[in-house]
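1. No sequence on hand, only this structure:
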(Lines give C-alpha, C1' and ligand atoms only; values in the text may rest on other atoms or scores of the structure.)
Protein backbone atom coordinates (compact mmCIF):
# COMPACT_ATOMS: atom_id res chain seq x y z
CA UNK A 1 0.00 0.00 0.00
CA UNK A 2 2.84 2.42 0.81
CA UNK A 3 4.41 1.70 -2.57
CA UNK A 4 1.11 2.40 -4.34
CA UNK A 5 0.74 5.67 -2.45
CA UNK A 6 4.35 6.64 -3.33
CA UNK A 7 3.74 5.84 -7.01
CA UNK A 8 0.50 7.88 -7.08
CA UNK A 9 2.24 10.82 -5.37
CA UNK A 10 5.12 10.62 -7.85
CA UNK A 11 2.79 10.74 -10.87
CA UNK A 12 0.69 13.42 -9.18
CA UNK A 13 3.67 15.71 -8.56
CA UNK A 14 5.05 15.30 -12.08
CA UNK A 15 1.67 15.88 -13.74
CA UNK A 16 0.88 18.81 -11.41
CA UNK A 17 4.16 20.55 -12.28
CA UNK A 18 3.56 20.02 -16.02
CA UNK A 19 0.01 21.38 -15.92
CA UNK A 20 1.01 24.17 -13.53
CA UNK A 21 3.47 25.37 -16.17
CA UNK A 22 0.59 25.72 -18.65
CA UNK A 23 -1.61 27.28 -15.95
CA UNK A 24 0.95 29.85 -14.79
CA UNK A 25 1.79 31.08 -18.29
CA UNK A 26 -1.90 31.16 -19.21
CA UNK A 27 -2.52 33.47 -16.25
CA UNK A 28 0.55 35.59 -17.12
CA UNK A 29 -0.87 36.03 -20.62
CA UNK A 30 -4.37 36.80 -19.27
CA UNK A 31 -5.93 33.63 -20.70
CA UNK A 32 -8.95 32.32 -18.82
CA UNK A 33 -8.49 28.80 -17.44
CA UNK A 34 -11.82 26.97 -17.19
CA UNK A 35 -10.48 23.94 -15.31
CA UNK A 36 -7.23 22.78 -13.77
CA UNK A 37 -7.40 19.02 -13.19
CA UNK A 38 -5.08 16.39 -11.78
CA UNK A 39 -6.03 12.89 -12.92
CA UNK A 40 -8.52 11.75 -15.54
CA UNK A 41 -12.05 10.35 -15.45
CA UNK A 42 -14.78 11.20 -12.93
CA UNK A 43 -14.04 13.99 -10.46
CA UNK A 44 -13.66 12.96 -6.82
CA UNK A 45 -13.07 16.51 -5.59
CA UNK A 46 -13.99 19.90 -7.04
CA UNK A 47 -13.72 23.47 -5.85
CA UNK A 48 -13.89 26.75 -7.68
CA UNK A 49 -12.28 30.17 -7.41
CA UNK A 50 -13.26 33.00 -9.74
CA UNK A 51 -13.46 31.65 -13.30
CA UNK A 52 -11.35 28.50 -12.72
CA UNK A 53 -12.58 25.17 -11.40
CA UNK A 54 -9.97 22.98 -9.72
CA UNK A 55 -10.50 19.23 -9.58
CA UNK A 56 -8.89 15.96 -8.58
CA UNK A 57 -10.04 13.06 -10.75
CA UNK A 58 -10.24 9.33 -10.14
CA UNK A 59 -7.54 7.93 -12.45
CA UNK A 60 -4.00 9.09 -11.56
CA UNK A 61 -2.76 8.85 -15.17
CA UNK A 62 -2.61 12.44 -16.32
CA UNK A 63 -4.24 15.83 -15.98
CA UNK A 64 -5.13 18.90 -17.97
CA UNK A 65 -5.31 22.69 -17.96
CA UNK A 66 -8.44 23.56 -19.95
CA UNK A 67 -8.22 27.08 -21.35
CA UNK A 68 -11.02 29.07 -22.96
CA UNK A 69 -10.89 28.79 -26.74
CA UNK A 70 -8.02 26.32 -26.71
CA UNK A 71 -9.68 24.01 -29.24
CA UNK A 72 -10.97 26.67 -31.57
CA UNK A 73 -14.20 27.83 -29.98
CA UNK A 74 -14.77 31.43 -28.80
CA UNK A 75 -11.89 32.68 -30.95
CA UNK A 76 -12.73 36.37 -30.58
CA UNK A 77 -13.72 36.23 -26.93
CA UNK A 78 -11.53 38.31 -24.66
CA UNK A 79 -9.30 36.09 -22.55
CA UNK A 80 -9.51 33.10 -24.89
CA UNK A 81 -6.43 31.14 -25.94
CA UNK A 82 -7.01 31.78 -29.64
CA UNK A 83 -7.31 35.54 -29.18
CA UNK A 84 -3.69 35.84 -28.03
CA UNK A 85 -0.56 36.32 -30.12
CA UNK A 86 1.43 33.40 -31.51
CA UNK A 87 4.24 34.14 -29.05
CA UNK A 88 1.85 34.12 -26.08
CA UNK A 89 0.24 30.83 -27.16
CA UNK A 90 3.65 29.31 -27.85
CA UNK A 91 4.92 30.26 -24.38
CA UNK A 92 1.86 28.68 -22.74
CA UNK A 93 2.25 25.47 -24.74
CA UNK A 94 5.99 25.18 -24.14
CA UNK A 95 5.66 25.89 -20.42
CA UNK A 96 4.43 22.37 -19.52
CA UNK A 97 7.45 20.46 -20.88
CA UNK A 98 9.85 23.17 -19.68
CA UNK A 99 8.48 22.90 -16.14
CA UNK A 100 9.10 19.15 -16.30
CA UNK A 101 12.76 19.86 -17.09
CA UNK A 102 12.86 22.42 -14.26
CA UNK A 103 11.42 19.83 -11.83
CA UNK A 104 14.02 17.31 -13.01
CA UNK A 105 16.78 19.88 -12.35
CA UNK A 106 15.54 20.71 -8.83
CA UNK A 107 15.24 17.03 -7.92
CA UNK A 108 18.69 16.36 -9.40
CA UNK A 109 20.21 18.97 -7.09
CA UNK A 110 18.68 17.12 -4.13
CA UNK A 111 20.06 13.74 -5.25
CA UNK A 112 23.46 15.25 -6.04
CA UNK A 113 23.63 16.65 -2.50
CA UNK A 114 22.47 13.56 -0.61
CA UNK A 115 23.50 10.87 -3.08
CA UNK A 116 26.63 10.21 -5.16
CA UNK A 117 27.97 11.81 -8.33
CA UNK A 118 28.75 9.79 -11.43
CA UNK A 119 31.80 11.35 -13.15
CA UNK A 120 33.33 9.38 -16.07
CA UNK A 121 36.55 8.68 -14.15
CA UNK A 122 38.00 5.18 -14.45
CA UNK A 123 38.64 3.45 -11.12
CA UNK A 124 39.60 0.01 -12.44
CA UNK A 125 40.77 -1.49 -15.74
CA UNK A 126 40.26 -5.22 -16.32
CA UNK A 127 43.31 -7.30 -17.19
CA UNK A 128 43.51 -8.14 -20.87
CA UNK A 129 40.56 -5.86 -21.73
CA UNK A 130 40.29 -3.56 -24.73
CA UNK A 131 40.83 -0.61 -22.39
CA UNK A 132 44.10 -2.03 -21.02
CA UNK A 133 45.35 -2.78 -24.53
CA UNK A 134 44.50 0.81 -25.53
CA UNK A 135 46.54 2.14 -22.60
CA UNK A 136 43.76 3.44 -20.36
CA UNK A 137 44.54 3.55 -16.63
CA UNK A 138 42.71 4.15 -13.33
CA UNK A 139 42.29 7.90 -12.79
CA UNK A 140 41.76 8.67 -16.47
CA UNK A 141 38.65 10.74 -17.21
CA UNK A 142 36.82 9.94 -20.43
CA UNK A 143 35.66 13.15 -22.12
CA UNK A 144 34.70 11.93 -25.62
CA UNK A 145 33.68 8.72 -27.40
CA UNK A 146 33.81 8.91 -31.20
CA UNK A 147 33.75 12.70 -30.89
CA UNK A 148 30.64 12.81 -28.68
CA UNK A 149 31.09 14.53 -25.31
CA UNK A 150 30.91 12.37 -22.18
CA UNK A 151 30.09 13.89 -18.78
CA UNK A 152 28.72 10.91 -16.82
CA UNK A 153 29.95 7.34 -16.65
CA UNK A 154 26.42 6.15 -17.50
CA UNK A 155 26.92 7.78 -20.91
CA UNK A 156 29.54 5.09 -21.57
CA UNK A 157 26.85 2.48 -20.93
CA UNK A 158 24.40 4.35 -23.19
CA UNK A 159 27.06 4.50 -25.90
CA UNK A 160 27.42 0.71 -25.78
CA UNK A 161 23.67 0.27 -26.16
CA UNK A 162 23.23 2.37 -29.29
CA UNK A 163 26.52 2.32 -31.24
CA UNK A 164 28.04 -0.25 -33.58
CA UNK A 165 30.68 -1.82 -31.37
CA UNK A 166 32.16 -3.93 -34.15
CA UNK A 167 33.89 -0.73 -35.28
CA UNK A 168 36.87 0.87 -33.47
CA UNK A 169 35.91 3.39 -30.77
CA UNK A 170 37.91 6.62 -30.60
CA UNK A 171 38.43 7.67 -26.97
CA UNK A 172 39.52 11.11 -25.78
CA UNK A 173 40.53 11.25 -22.13
CA UNK A 174 42.22 13.41 -19.51
CA UNK A 175 45.27 12.30 -17.52
CA UNK A 176 47.03 14.64 -15.13
CA UNK A 177 45.34 17.63 -16.75
CA UNK A 178 46.47 16.73 -20.29
CA UNK A 179 44.29 15.46 -23.15
CA UNK A 180 45.12 12.18 -24.89
CA UNK A 181 43.49 10.03 -27.57
CA UNK A 182 43.43 6.28 -28.06
CA UNK A 183 41.39 3.64 -29.90
CA UNK A 184 39.45 0.73 -28.43
CA UNK A 185 39.12 -2.43 -30.50
CA UNK A 186 36.25 -4.32 -28.93
CA UNK A 187 35.78 -8.04 -29.52
CA UNK A 188 32.85 -10.41 -29.54
CA UNK A 189 34.77 -12.79 -27.27
CA UNK A 190 34.76 -10.08 -24.56
CA UNK A 191 31.09 -9.26 -25.28
CA UNK A 192 32.18 -5.89 -26.70
CA UNK A 193 32.95 -4.67 -23.16
CA UNK A 194 35.34 -1.78 -22.60
CA UNK A 195 36.75 -3.41 -19.49
CA UNK A 196 36.50 -0.34 -17.24
CA UNK A 197 34.57 0.48 -14.07
CA UNK A 198 33.89 3.71 -12.20
CA UNK A 199 33.12 4.35 -8.54
CA UNK A 200 30.54 7.09 -7.76
CA UNK A 201 31.72 9.70 -5.26
CA UNK A 202 30.35 12.40 -2.97
CA UNK A 203 30.12 16.00 -4.11
CA UNK A 204 32.69 18.56 -3.01
CA UNK A 205 30.65 21.78 -3.25
CA UNK A 206 27.23 23.19 -4.18
CA UNK A 207 28.73 24.44 -7.45
CA UNK A 208 29.70 20.88 -8.35
CA UNK A 209 26.24 19.63 -7.34
CA UNK A 210 24.60 22.23 -9.58
CA UNK A 211 26.93 21.35 -12.47
CA UNK A 212 26.22 17.63 -12.23
CA UNK A 213 22.48 18.31 -11.83
CA UNK A 214 22.45 20.11 -15.17
CA UNK A 215 24.48 17.25 -16.66
CA UNK A 216 22.02 14.72 -15.17
CA UNK A 217 19.00 16.41 -16.77
CA UNK A 218 20.90 16.66 -20.06
CA UNK A 219 21.66 12.93 -19.83
CA UNK A 220 18.02 12.02 -19.17
CA UNK A 221 16.90 14.16 -22.12
CA UNK A 222 19.57 12.54 -24.29
CA UNK A 223 18.42 9.08 -23.18
CA UNK A 224 14.78 9.89 -23.96
CA UNK A 225 15.66 11.21 -27.43
CA UNK A 226 17.81 8.13 -28.07
CA UNK A 227 14.90 5.89 -27.05
CA UNK A 228 12.59 7.65 -29.53
CA UNK A 229 15.20 7.26 -32.28
CA UNK A 230 15.49 3.55 -31.47
CA UNK A 231 11.70 3.20 -31.88
CA UNK A 232 11.78 4.76 -35.34
CA UNK A 233 14.90 2.87 -36.46
CA UNK A 234 13.61 -0.51 -35.31
CA UNK A 235 16.18 -1.00 -32.54
CA UNK A 236 13.24 -0.95 -30.11
CA UNK A 237 9.54 -1.76 -30.49
CA UNK A 238 6.26 -0.60 -28.98
CA UNK A 239 6.53 -3.66 -26.72
CA UNK A 240 9.39 -1.82 -25.00
CA UNK A 241 7.15 1.13 -24.13
CA UNK A 242 5.88 1.47 -20.58
CA UNK A 243 2.81 3.28 -19.29
CA UNK A 244 1.82 4.15 -15.72
CA UNK A 245 1.52 0.46 -14.75
CA UNK A 246 4.94 -0.43 -16.15
CA UNK A 247 6.58 2.67 -14.68
CA UNK A 248 4.94 1.94 -11.33
CA UNK A 249 6.28 -1.61 -11.42
CA UNK A 250 9.77 -0.36 -12.24
CA UNK A 251 9.56 2.13 -9.39
CA UNK A 252 8.46 -0.65 -7.03
CA UNK A 253 11.53 -2.67 -7.99
CA UNK A 254 13.75 0.41 -7.51
CA UNK A 255 12.30 0.90 -4.00
CA UNK A 256 12.85 -2.76 -3.08
CA UNK A 257 16.45 -2.73 -4.28
CA UNK A 258 17.19 0.59 -2.56
CA UNK A 259 15.74 -0.62 0.75
CA UNK A 260 17.85 -3.79 0.59
CA UNK A 261 21.02 -1.81 -0.09
CA UNK A 262 20.57 1.18 2.22
CA UNK A 263 17.28 1.43 4.07
CA UNK A 264 14.57 4.10 3.96
CA UNK A 265 16.82 7.07 3.15
CA UNK A 266 18.26 5.26 0.15
CA UNK A 267 14.74 4.30 -0.97
CA UNK A 268 13.59 7.94 -0.84
CA UNK A 269 16.62 9.11 -2.82
CA UNK A 270 15.99 6.36 -5.37
CA UNK A 271 12.38 7.53 -5.75
CA UNK A 272 13.57 11.11 -6.30
CA UNK A 273 16.15 9.92 -8.83
CA UNK A 274 13.44 7.91 -10.62
CA UNK A 275 11.24 11.01 -10.70
CA UNK A 276 14.04 12.86 -12.51
CA UNK A 277 13.98 10.19 -15.22
CA UNK A 278 10.17 10.18 -15.56
CA UNK A 279 9.82 13.98 -15.50
CA UNK A 280 12.52 14.49 -18.16
CA UNK A 281 10.97 11.76 -20.32
CA UNK A 282 7.51 13.31 -19.99
CA UNK A 283 8.94 16.65 -21.09
CA UNK A 284 10.53 15.12 -24.20
CA UNK A 285 7.51 13.00 -25.12
CA UNK A 286 5.24 16.04 -24.91
CA UNK A 287 7.52 17.93 -27.30
CA UNK A 288 7.18 15.31 -30.04
CA UNK A 289 5.24 16.79 -33.01
CA UNK A 290 2.32 14.42 -32.48
CA UNK A 291 -1.26 15.74 -32.72
CA UNK A 292 -3.03 16.02 -29.33
CA UNK A 293 0.32 16.48 -27.53
CA UNK A 294 2.00 19.81 -26.76
CA UNK A 295 4.43 19.16 -29.59
CA UNK A 296 1.57 18.91 -32.08
CA UNK A 297 0.19 22.26 -30.94
CA UNK A 298 3.67 23.78 -31.10
CA UNK A 299 4.00 22.56 -34.71
CA UNK A 300 0.77 24.31 -35.70
CA UNK A 301 1.91 27.49 -33.95
CA UNK A 302 5.28 27.41 -35.73
CA UNK A 303 3.48 26.98 -39.07
CA UNK A 304 1.30 29.97 -38.17
CA UNK A 305 4.36 32.05 -37.18
CA UNK A 306 6.14 31.24 -40.47
CA UNK A 307 3.16 31.67 -42.82
CA UNK A 308 1.52 34.43 -40.72
CA UNK A 309 -1.78 32.62 -41.23
CA UNK A 310 -3.67 30.53 -38.73
CA UNK A 311 -4.16 26.90 -39.66
CA UNK A 312 -7.91 26.46 -40.33
CA UNK A 313 -9.43 25.38 -37.02
CA UNK A 314 -11.62 22.68 -38.54
CA UNK A 315 -8.55 21.01 -40.06
CA UNK A 316 -6.52 21.41 -36.87
CA UNK A 317 -9.34 19.92 -34.81
CA UNK A 318 -9.65 16.94 -37.19
CA UNK A 319 -5.90 16.28 -37.02
CA UNK A 320 -5.89 16.63 -33.22
CA UNK A 321 -8.92 14.32 -32.92
CA UNK A 322 -7.27 11.64 -35.06
CA UNK A 323 -4.07 12.03 -33.06
CA UNK A 324 -6.00 11.79 -29.80
CA UNK A 325 -7.76 8.58 -30.89
CA UNK A 326 -4.47 7.00 -31.99
CA UNK A 327 -2.84 8.12 -28.73
CA UNK A 328 -5.66 6.55 -26.70
CA UNK A 329 -5.32 3.30 -28.67
CA UNK A 330 -1.58 3.30 -27.99
CA UNK A 331 -2.20 3.93 -24.27
CA UNK A 332 -4.66 1.01 -24.14
CA UNK A 333 -2.12 -1.24 -25.88
CA UNK A 334 0.67 -0.15 -23.53
CA UNK A 335 -1.60 -0.63 -20.49
CA UNK A 336 -2.46 -4.23 -21.37
CA UNK A 337 1.14 -4.89 -22.43
CA UNK A 338 2.29 -3.69 -18.99
CA UNK A 339 -0.24 -6.04 -17.35
CA UNK A 340 1.03 -8.92 -19.48
CA UNK A 341 4.62 -8.21 -18.48
CA UNK A 342 3.65 -8.37 -14.79
CA UNK A 343 2.68 -12.02 -15.20
CA UNK A 344 5.57 -13.09 -17.41
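-> Structure received. Note that the structure is predicted; figures quoted are calculated from it, not measured. Numbering: from 1, shown residues only.

2. can you tell me the helix or strand for residue 305?
-> helix 294-307 (DSSP states H and E).

3. What average pLDDT does that helix get?
-> The average of the pLDDT scores along helix 294-307 is 92.

4. residue boundaries of the strands in this structure?
-> Using DSSP state E, the strands assigned to the chain run over residues 33-49, 52-67, 124-125, 141-145, 148-149, 169-175, 178-184, 196-197.

5. Quick check: closest non-adjacent residue to residue 54.
-> Leaving aside its sequence neighbours, residue 54 sits nearest to residue 36 (CB to CB, 6 or more residues apart in numbering; 5.1 Å). Every residue, glycine included, has its C-beta placed from N, CA and C.

6. So what's the residue count around residue 266?
-> If you count neighbours by other CB atoms under 10 Å, residue 266 ends up with 17.

7. right, I mislabeled it, should have said residue 219
-> Using other CB under 10 Å, the number of residues around residue 219 comes to 22.

8. Need the pLDDT of the closest residue to it other than its chain neighbours.
-> Leaving aside its sequence neighbours, residue 219 sits nearest to residue 152 (CB to CB, 6+ apart; 5.4 Å). What the model reports as pLDDT for residue 152 is 94.

9. Who are the contact partners of residue 152?
-> 118-120, 212, 215-216, 219 (CB atoms under 8 Å, 6 or more residues apart in numbering).

10. ok, those vs residue 298, which is closest?
-> Ranking these by separation from residue 298, with CB to CB as the measure, puts residue 219 on top at 23.8 Å.

11. Correct me if wrong: the closest one contacts residue 154.
-> Yes: between residue 219 and residue 154 there is a contact under CB atoms under 8 Å: 6.5 Å.

12. As a quick check, tell me the outermost residue of this protein.
-> Distance from the centre of the chain peaks at residue 128, with 37.7 Å (CA atoms, centre = their mean).

13. List the contacts of it.
-> Applying CB under 8 Å, 6+ apart, the residues contacting residue 128 are residue 195.

14. what are the phi and psi values for it?
-> Dihedral pair for residue 128: phi 80, psi 0, per degrees, to the nearest 10.

15. about what we covered before: so can I have a markdown table of the strands of the chain showing distance to residue 303, mean neighbour count and mean pLDDT?
-> Below are these laid out as a markdown table (distance: least, CB to CB, whole Å; neighbours: other CB atoms under 10 Å; pLDDT from 0 to 100):
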| stretch | distance to residue 303 | mean neighbour count | mean pLDDT |
| --- | --- | --- | --- |
| strand 33-49 | 25 | 14 | 88 |
| strand 52-67 | 20 | 18 | 88 |
| strand 124-125 | 53 | 17 | 96 |
| strand 141-145 | 38 | 19 | 96 |
| strand 148-149 | 32 | 12 | 92 |
| strand 169-175 | 41 | 19 | 96 |
| strand 178-184 | 45 | 13 | 96 |
| strand 196-197 | 47 | 19 | 94 |
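
16. With residue 307 as the reference, name the closest of those.
-> strand 52-67 (23.3 Å).

17. At the geometric centre of this protein, which residue do we find?
-> By CA atoms, centre = their mean, the most central residue of the chain is residue 281, 1.7 Å off.

18. Okay, that one and residue 217: tell me how far apart.
-> For residue 281, the distance to residue 217 equals 11 Å [CB to CB, to the nearest Å].

19. How about residue 31?
-> Counting by CB to CB, the gap from residue 31 to residue 217 is 28 Å.

20. and if you look at residue 157?
-> 18 Å.

21. Show me which of those two is the more surrounded one.
-> More crowded of residue 157 and residue 217, by other CB under 10 Å: residue 217, with 24 against 10.

22. what's that one in contact with, if anything?
-> Residue 217 sits in contact with 101, 104-105, 108, 276, 280, where contact means CB under 8 Å, 6+ apart.

23. can those go into TSV with extra columns for distance to residue 16, pLDDT and neighbour count?
-> Output for those, formatted as TSV (distance: CB to CB, whole Å; pLDDT from 0 to 100; neighbours: other CB atoms under 10 Å):
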residue	distance to residue 16	pLDDT	neighbour count
101	15	96	20
104	14	95	26
105	17	95	18
108	18	93	28
276	16	92	22
280	16	93	28
